[in-house]
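In: 3D, please:
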Amino acid sequence: MTIELARDVLSTEIDGIQAVRDRLGDEFEQAVSLIMESPGRLVITGIGKSGIIGQKISATLNSTGTPSFFLHPVEAMHGDLGMVASSDVILAISYSGETTELNALLASLRSRAARVIAMTGNTQSSLAVCADVILNTAVPKEACPLGLAPTSSTTATLALGDALAIALLNRKQFRAEDFRRNHPGGSLGERLKIAVREVMLVGEKIPWVTENSSLTEAVAELNSKGVGAVVVISEERKLVGIITDGDLRRLVLREQAIADQGLDRVVTADPVSITPDLLAADALSIMQRHEITVLPVVDESDRLEGILHLHDLLGKGEFRFLI
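Out: Numbering: from 1, shown residues only. Down below sits the predicted model:
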């Protein structure tokens with residue numbers, strides 16, 4: 001009996017999703033275009049179960065390349081409305097379309113010239129009338145036998161939100177590499193599938209000096225960038241060597257008056273280096289094999305392009321070499 005009831009619930013919810021799917025038309029394309037053309041963010045709002053669904057839709061959008069945030073209707077009316085700009089697009093969720101708190105908020109949002117997309121099961125509702133685009137989430141019936149608890153309707157709304165996120169992902173040509181950048185706390189295996197160029201330090205963040213610099217200048221650069229090493233390059237920006245903080249400590253133990261000495265007393269010439277197209281996993285393997293934590297990144301002409309630290313691969317505190 002219990003199993004049959006569960007199957008009936010799932011069948012009812014499947015019917016709800018199919019109803020929304022079969023009804024999709026030009027309004028869905030309009031919603032996608034409205035979001036794509038907006039220079040602002042997508043603001044998602046709703047209350048109760050619709051608000052919870054809205055929060056999940058927002059999370060999916062953020063991780064798939066569409067900046068968004070959830071705005072609680074009540075909190076918005078007490079100051080959070082300041083988070084909304086006129087360039088933003090509003091995605092308002094209410095199955096009945098007559099939620100008092102939400103419709104009160106929409107009047108204020110409209111005064112800011114914000115565009116509104118409605119997700120509602122009632123296309124004649126106050127919410128629908130207020131909207132620029134209506135996405136119909138009507139389902140044949142709720143799975144709740146009392147017809148009271150939102151079940152099929154919230155499932156269908158969530159599925160439509162997923163469809164919206166994936167359609168936007170496709171229009172933005174969002175890649176697996178982009179997804180991984182939005183999930184730096186994900187599994188180590190996923191993080192190591194990206195290319196070195198996606199995680200290496202570049203530009204002003206690279207600690208470097210020329211081969212004619214003094215040791216004092218090298219130490220100053222090492223201290224200011226906080227990477228634990230400074231790369232030595234030629235006037236043509238070609239890699240000459242590398243100096244680590246460990247090299248400096250060992251030099252101090254050997255000699256006293258070192259401040260004015262040249263870099264040749266401490267530099268490691270022809271250091272191990274990598275190219276930016278190398279996989280992060282391969283870079284980690286090289287670090288492990290040579291027991292180092294920093295790798296210069298060079299192009300095919302041995303010109304410096306960036307620097308890669310172990311922390312950029314694994315995150316601070318997650319791994320340590322015993323050297």
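In: going forward, measure contacts and count neighbours with C-alpha atoms only.
Out: Noted.
In: And for stretch 131-138, what's in contact with it?
Out: The contact list for stretch 131-138, computed with C-alpha atoms under 8 Å, 6 or more residues apart in numbering, reads 16, 19-20, 23, 27-28, 30-31, 95, 115-123, 128, 153, 156-157, 160.
In: so how far is it from its chain's centroid?
Out: In this view, stretch 131-138 has its centroid 28 Å away from the chain centroid, taken as C-alpha atoms, centre = their mean, to the nearest Å.
In: which stretches of the stretch 51-200 of the chain have low pLDDT?
Out: For the stretch 51-200 of the chain, residues meeting the criterion pLDDT under 70 lie at 174-193.
In: can you do 80?
Out: 79, 112-114, 147-148, 173-195 (pLDDT under 80).
In: For this structure, just list every one of the helices.
Out: 2-23, 26-37, 49-63, 73-76, 100-110, 126-130, 152-171, 176-181, 188-191, 215-225, 245-254, 280-290, 310-314 (DSSP state H).
In: So which of those helices is nearest Arg237?
Out: Shortest distance between Arg237 and the helices of the chain, using C-alpha to C-alpha, is found for helix 215-225: 15.7 Å.
In: name the helices or strands packed onto that closest one?
Out: On a contact count with 3 or more C-alpha pairs under 8 Å, 6 or more residues apart in numbering; DSSP states H and E, helix 215-225 meets strand 208-210, strand 229-233.
In: Would you mind putting these into a markdown table with distance to Leu164 and mean pLDDT alongside?
Out: Shown next, in a markdown table, are the helices and strands packed on helix 215-225 (distance: least, C-alpha to C-alpha, whole Å; pLDDT from 0 to 100):
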| stretch | distance to Leu164 | mean pLDDT |
| --- | --- | --- |
| strand 208-210 | 46 | 91 |
| strand 229-233 | 46 | 91 |
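In: Out of those, which one sits most buried?
Out: A comparison of the helices and strands packed on helix 215-225 by mean neighbour count, using mean count of other C-alpha atoms under 10 Å, puts strand 229-233 on top with a mean of 26.
In: How is this protein divided into domains?
Out: 2-174, 188-314 (automatic domain parsing).
In: Give me the distance between the shortest one and the centre of its chain.
Out: Translated: domain 188-314. Domain 188-314 has its C-alpha centroid displaced from the chain centroid by 28 Å (C-alpha atoms, centre = their mean).
In: on that earlier part again, okay if I get the helices of the chain as TSV plus distance to Glu198?
Out: Listed next are these as TSV, based on distance: least, C-alpha to C-alpha, whole Å:
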stretch	distance to Glu198
helix 2-23	37
helix 26-37	25
helix 49-63	17
helix 73-76	37
helix 100-110	38
helix 126-130	43
helix 152-171	20
helix 176-181	8
helix 188-191	10
helix 215-225	19
helix 245-254	25
helix 280-290	9
helix 310-314	10
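In: mind checking which of the ones you listed is nearest Pro140?
Out: Taking those one by one with C-alpha to C-alpha, helix 2-23 is closest: 6.1 Å.
In: what packs against the closest one?
Out: Using 3+ C-alpha pairs under 8 Å, 6+ apart, helix 2-23 sits against helix 152-171.
In: Who are the contact partners of the closest residue to Val139 other than its chain neighbours?
Out: Leaving aside its sequence neighbours, Val139 sits nearest to Gly16 (C-alpha to C-alpha, 6 or more residues apart in numbering; 4.6 Å). Contacts of Gly16 were listed using C-alpha under 8 Å, 6+ apart, and they are 138-141, 152-153, 155-156.
In: any idea how far Arg23 is from Gly16?
Out: Separation of Gly16 from Arg23 (C-alpha to C-alpha, to the nearest Å): 11 Å.
In: List just the one of the helices of the chain that sits closest to Pro207.
Out: helix 215-225 (5.7 Å).
In: Which positions within the closest one qualify as buried?
Out: Buried residues in helix 215-225, counted by 16 or more other C-alpha atoms under 10 Å: 215, 217-219, 221-222.
In: I'd like to know how many residues surround Glu291.
Out: 12 (other C-alpha atoms under 10 Å).
In: so what pLDDT did the closest residue to Leu263 other than its chain neighbours get?
Out: In space, and not counting its chain neighbours, Leu263 is closest to Leu215: 5.5 Å by C-alpha to C-alpha, 6+ apart. Per-residue confidence (pLDDT) for Leu215: 84.
In: is it true that Leu215 touches Asp264?
Out: No. Using C-alpha atoms under 8 Å, Leu215 makes no contact with Asp264, being 9.1 Å away.
In: joint contacts of these two?
Out: Contacts common to Leu215 and Asp264, judged by C-alpha under 8 Å, 6+ apart, are absent.
In: looking at it, Thr151 is touching Glu142, isn't it?
Out: Yes. If you go by C-alpha under 8 Å, Thr151 and Glu142 touch, sitting 5.6 Å apart.
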